[in-house]
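# Model the following, please.
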Amino acid sequence: MKTLHIDAAELDLDFNQSLALANQAATHLLDKQGGAMLLSFWDDDRGLESPHGVSECHFQCPIPGWQDYASNRGGALMVNFSQGRFVFCYRPIDV
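Numbers count the residues shown, from 1 in each chain. The predicted structure is shown next:
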C-alpha cells in the first residue's frame, strides 16, 4: 500500500478536518481508478479504529488490525497525518 505522509501539526487539524483532506487527496490520487473508498482508519487522539475491534486479533503483531483489514480488501493508499495521529486507508473504486 502506498502512503501519503502529511505533516499538518502546525495546522492543528482535528479528526474531521483531516478526514476531509484525506478524502480529497485520495479521490484525486485514485481518480484514474474511479475514485476512492475509505476502508479503515486510526484516530490516535481517541484510540479509535474502524472497523471497530479489528486489532483484537492483532495483539502484539507488527501490523495494526485496521491496516491489515484494508490491505486484505484492496487497500492501495494510506493517508498518514502527523506520524500516525490520524491514518486513513483507501481502495480504488474500480479494482
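
# Report how many residues lie close to the residue nearest to Glu49 when sequence neighbours are not counted.
Nearest non-adjacent residue to Glu49, counting by CB to CB, 6 or more residues apart in numbering: Trp66, 4.4 Å away. All C-beta atoms are positioned from the backbone trio N, CA, C, and that covers glycine. Per other CB atoms under 10 Å, the neighbour tally for Trp66 reads 26.

# For Trp66, which residues are in contact?
40-42, 49-51, 54-55, 87, 89 (CB atoms under 8 Å, 6 or more residues apart in numbering).

# same check, this time on Leu13
Neighbouring residues of Leu13 by CB under 8 Å, 6+ apart: 21, 81, 86.

# how about 7 Å then?
Applying CB atoms under 7 Å, 6 or more residues apart in numbering to Leu13 gives the contacts Leu21.

# In this protein, what residue spans correspond to helices?
15-29, 65-71 (DSSP state H).

# Quick one: closest of these to Met1.
Set against Met1 and scored by CB to CB, the helices of the chain come closest in helix 65-71, at 5.9 Å.

# Put the alpha carbons of that closest one into PDB.
These are the backbone C-alpha positions of helix 65-71, laid out as PDB (Å, rounded to 0.1, in the frame of the first residue of the first chain):
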ATOM      1  CA  GLY A  65      -5.600  -4.600  12.500                       C
ATOM      2  CA  TRP A  66      -7.100  -1.600  10.700                       C
ATOM      3  CA  GLN A  67      -4.100  -1.600   8.300                       C
ATOM      4  CA  ASP A  68      -4.300  -5.400   7.800                       C
ATOM      5  CA  TYR A  69      -8.100  -5.100   7.200                       C
ATOM      6  CA  ALA A  70      -7.500  -2.500   4.400                       C
ATOM      7  CA  SER A  71      -4.600  -4.400   2.900                       C
END
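
# Distance of the residue nearest to Glu49 relative to Asp43?
Distance, Trp66 to Asp43, by CB to CB, to the nearest Å: 10 Å.
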